[in-house]
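[1] from the sequence below, what's the structure:
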Amino acid sequence: MTLRALARFPDRRAFVWDGGSLTYRATLSLIGRLQAAMAAAGLVKGQTAAFLSANSAETWCAGVAAQGLGLVVTWLHPLGALADHLDVIEDSGATALIVDSHTHAERGGELTAKAADRLGIVLTMGRADFGRNVMAAAEKVGEATPVDLTDADDYAIINYTGGTTGKSKGAIRRHRSTAASAISVAADFEFPDMPRYLAAAPITHVSGTKVLPSLLKGGAIHLLKGFDSEKFLATIEREKINFTLMVPTMIYVMLDHPKLEKTDLSSLELILYGASPMSPTRLVEGLERIGPVFSQLYGQTECYPVSVLRKADHDAARPELFASCGFPIASCSVTLRDDDNEEVKPGEAGEICVRAPHAMEQYWKRPEQTAETFKGGWLHTGDIARADERGYLYIVDRKKDMIVSGGFNIFPREVEDVLSSHPDVAMAAVIGVPHDKWGEAVAALIVAKAGTQPAAEALMQLVKDRKGGTHAPKQVEFVESLPLTAVGKVDKKVLRARYWAGQSRQVG
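    Numbers count the residues shown, from 1 in each chain. Model prediction:
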């Protein structure tokens, strides 16, 4: 699919970044040359290669080149810790490492040294003090036509989970599954006719799932090395960006930026958002200040995508939909099930369970967790939701984030939405903390908007008035910022660790 898409519009720009660009023809040529250089370096079909890079057109091409040669690839998160990277290399069985030395030379050197016993081949996308410069080798090749040595049933990729509920697990897919995912994204998301896609989040992860669908439509991918709100806004205006993907924390920063009102964002047709819940109040603010361009996606590493809340669903006349994660996409079957794996009654909360051609095949080398996740023939997401009479899904929370206080089940998401509706609250995170009488108590950590000082008592009362005393936080703590995972979700493991050190937390 990728090679065919790149052959279609040879003279168009495929990738654009500060200081450079690649046409479709040049991208296709680079993939071919990289394949020749990789094969000469000893990479062979069936081998697993780990990649480490910030947003880079050349390294994206290297990933395509490796997959075309029949290798299984796994992308290390560009913001991940050394220990996490070493864990993924060991768990995936990677015997090759490809590093963008322009952005990750130091980490690449550390990985090369510490995983020397398992890494037989280390390649760098430029000069480095370690490995072999595969870009220099590719330049010496001359012209080389890209090859596809794969079969649809070959393993293609191992995606590691974000680790928000425990140690990261590898979700492995075959080529037919990765193709199905690209087709689902292209079919069910409202891409502009000619995408000018701005990728600030890592294209090694969910942001990258929009690259191939954009190329299939003849679009251009504009790459930023990371999210800098001022550069992000300036790029939208300068390049007439019509499409981007953001996590809610990025949207909040953009909304609070003093240059937002002075920036021409009229080219924007679509802002996809997801990865974590978004405050309905701040979503309304975005619609008022930026326009009707928002669309929410829902999915997870194990199955992406699952549902989408389209632009037309972001309607002030139906504000109840702002709390929804959308309607299941065409190729994904969804059911809500209880702890006994029985479908819940209409209107009741149950775990989102899915079947789809783009779902993972299994957790790599974790047969027991795979069996548990696929019990009853459905992939169990760990997300608890309700469905309305039309089938729109409303996630109430992660199963493992649920707070059990005095026998009552409390979903933090519901409390966070109320707290975020306060005009002085920029972000809110709710967790369960130990309580002698109730087992767990509701605690709220609040990031206040600049220049404001909301009162803890007022926030507690706001929740009590909206949700009742059981849901009201028993303590409110004001913080400068909230810890985020590498994919931009609030890291509740870190928040809970402060309170639960040495104690066992049970979720009923």
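[2] for stretch 108-126, which outside residues touch it?
    For stretch 108-126, contacts defined as C-beta atoms under 8 Å, 6 or more residues apart in numbering pick out 38, 41-43, 52-53, 56, 58-59, 62, 82, 85-86, 89-90, 93-102, 105, 128-136. For glycine as for every other residue, the C-beta is placed from the backbone atoms N, C-alpha and C.
[3] no wait, stretch 212-222
    Looking at what lies outside stretch 212-222 - C-beta under 8 Å, 6+ apart - the contacts are 1-2, 5-6, 8-9, 12-17, 24, 57, 182, 185-186, 189, 191-199, 203, 211, 235, 239, 241, 243.
[4] show me those residues that map onto helices.
    Counting by DSSP state H, the part of those found in helices is T2, A5, L6, R8, Y24, A57, A182, V185, A186, V211, T235, E239.
[5] okay, those in JSON lines with distance to V253, pLDDT and neighbour count next?
    Shown next, in JSON lines, are those (distance: C-beta to C-beta, whole Å; pLDDT from 0 to 100; neighbours: other C-beta atoms under 10 Å):
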{"residue": "T2", "distance to V253": "32", "pLDDT": "97", "neighbour count": "23"}
{"residue": "A5", "distance to V253": "33", "pLDDT": "96", "neighbour count": "21"}
{"residue": "L6", "distance to V253": "34", "pLDDT": "97", "neighbour count": "27"}
{"residue": "R8", "distance to V253": "36", "pLDDT": "96", "neighbour count": "12"}
{"residue": "Y24", "distance to V253": "33", "pLDDT": "98", "neighbour count": "21"}
{"residue": "A57", "distance to V253": "26", "pLDDT": "97", "neighbour count": "21"}
{"residue": "A182", "distance to V253": "29", "pLDDT": "96", "neighbour count": "20"}
{"residue": "V185", "distance to V253": "25", "pLDDT": "96", "neighbour count": "25"}
{"residue": "A186", "distance to V253": "29", "pLDDT": "95", "neighbour count": "16"}
{"residue": "V211", "distance to V253": "23", "pLDDT": "98", "neighbour count": "24"}
{"residue": "T235", "distance to V253": "15", "pLDDT": "97", "neighbour count": "20"}
{"residue": "E239", "distance to V253": "20", "pLDDT": "97", "neighbour count": "14"}
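[6] and the two most separated of these?
    R8 and T235 (25.6 Å; C-beta to C-beta).
[7] how near is Y298 to M402?
    When distance is defined by C-beta to C-beta, to the nearest Å, Y298 is 18 Å away from M402.
[8] which of the two has more residues huddled nearby?
    Y298 (24 against 19; other C-beta atoms under 10 Å).
[9] follow-up on the earlier one: now distance to L224 too, for the ones in helices among the contacts of stretch 212-222, in CSV please.
    Formatted as CSV, the ones in helices among the contacts of stretch 212-222 follow (distance: C-beta to C-beta, whole Å):
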residue, distance to L224
T2, 22
A5, 22
L6, 22
R8, 26
Y24, 21
A57, 12
A182, 22
V185, 21
A186, 23
V211, 14
T235, 7
E239, 11
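[10] from those residues, which is closest to A66?
    Nearest to A66 among the ones in helices among the contacts of stretch 212-222, with distances taken as C-beta to C-beta, is T2, at 12.2 Å.
[11] burial of the closest residue to L76 other than its chain neighbours, as a residue count?
    Counting by C-beta to C-beta, 6 or more residues apart in numbering, L76 lies nearest to L52, which is 4.4 Å off, once chain neighbours are set aside. Residues near L52, counting by other C-beta under 10 Å, number 25.
[12] show me what contacts K45?
    Contacts of K45 (C-beta under 8 Å, 6+ apart): L69, G70, L71, L149, D154.
[13] correction: the previous question concerned K449.
    Shown in contact with K449 (C-beta under 8 Å, 6+ apart): D256, P423, D424, V425, A426.
[14] whichever of those residues end up buried, select them in ChimeraX.
    Here is the ChimeraX selection string for the buried members of the contacts of K449, based on 16 or more other C-beta atoms under 10 Å:
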select :425,426
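[15] which of the contacts of K449 fall in strands?
    V425, A426 (DSSP state E).
[16] ok, P319 to V284 distance?
    Here P319 is placed at a distance of 8 Å from V284 (C-beta to C-beta).
[17] helices and strands of this protein: which one bottoms out on pLDDT?
    The helix or strand of the chain with the poorest confidence is strand 408-410; it has a mean of 72 (mean pLDDT, DSSP states H and E).
[18] other SSEs contacting the helix or strand just after that strand?
    The helix or strand immediately downstream of strand 408-410 is helix 412-420, counting by DSSP states H and E. Here helix 412-420 touches helix 280-289, strand 393-398, strand 425-435, strand 439-448, helix 456-467, going by 3 or more C-beta pairs under 8 Å, 6 or more residues apart in numbering; DSSP states H and E.
[19] neighbouring contacts of helix 412-420?
    Residues contacting helix 412-420 (C-beta under 8 Å, 6+ apart): 277, 279-282, 323, 395-397, 401-403, 425, 427-432, 442, 444, 446, 459, 462-463, 466-467, 471, 473.
[20] what angle separates that helix from strand 425-435?
    130 degrees (axes from the mean of the first three to the mean of the last three C-alpha atoms, to 10 degrees).
[21] centre of the chain to helix 412-420, how far?
    Taking C-alpha atoms, centre = their mean, to the nearest Å, the mean C-alpha location of helix 412-420 is offset from the chain mean by 22 Å.
[22] that helix to helix 456-467, inter-axis angle?
    With the same axes, to 10 degrees as the basis, helix 412-420 and helix 456-467 are set at 120 degrees to each other.
[23] mean confidence for helix 412-420?
    Computed over helix 412-420, the mean pLDDT rounds to 87.
[24] pull the CA atoms of it into PDB?
    In PDB, the C-alpha atoms belonging to helix 412-420 read as follows (Å, rounded to 0.1, in the frame of the first residue of the first chain):
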ATOM      1  CA  PRO A 412     -12.700   9.400  38.300                       C
ATOM      2  CA  ARG A 413     -13.600  10.600  34.800                       C
ATOM      3  CA  GLU A 414     -17.000  11.700  36.000                       C
ATOM      4  CA  VAL A 415     -15.500  13.700  38.900                       C
ATOM      5  CA  GLU A 416     -12.700  15.200  36.600                       C
ATOM      6  CA  ASP A 417     -15.300  16.400  34.100                       C
ATOM      7  CA  VAL A 418     -17.100  18.300  36.900                       C
ATOM      8  CA  LEU A 419     -13.900  19.800  38.300                       C
ATOM      9  CA  SER A 420     -12.700  20.900  34.800                       C
END
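[25] ok, the closest residue to R390 other than its chain neighbours - how many residues close by?
    The shortest distance from R390 to any non-neighbouring residue, by C-beta to C-beta, 6+ apart, is to F327 (7.5 Å). F327 has 21 neighbouring residues, counting by other C-beta under 10 Å.
[26] likewise A83?
    9.
[27] can you map out the strands along the stretch 1-150 of the chain?
    Listed in chain order, the strands of the stretch 1-150 of the chain (DSSP state E, counting those that start in this stretch) span 13-17, 20-23, 48-52, 72-76, 96-99, 121-124, 132-133.
[28] can you list the weak-confidence ranges in this structure?
    Along the chain, segments meeting pLDDT under 70 span 162-167, 276-277, 397-399, 406-409, 436-437, 486-487, 501-508.
[29] care to break it down by domain?
    2-150, 179-398, 402-500 (automatic domain parsing).
[30] got TSV for those, with distance to N159 too?
    Shown next, in TSV, are the domains of the chain (distance: least, C-beta to C-beta, whole Å):
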stretch	distance to N159
domain 2-150	7
domain 179-398	5
domain 402-500	11
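[31] closest one to I172 among those domains?
    Each of these has some distance to I172 by C-beta to C-beta; the shortest is domain 179-398, at 4.8 Å.
[32] off-centre distance for that closest one?
    9 Å.
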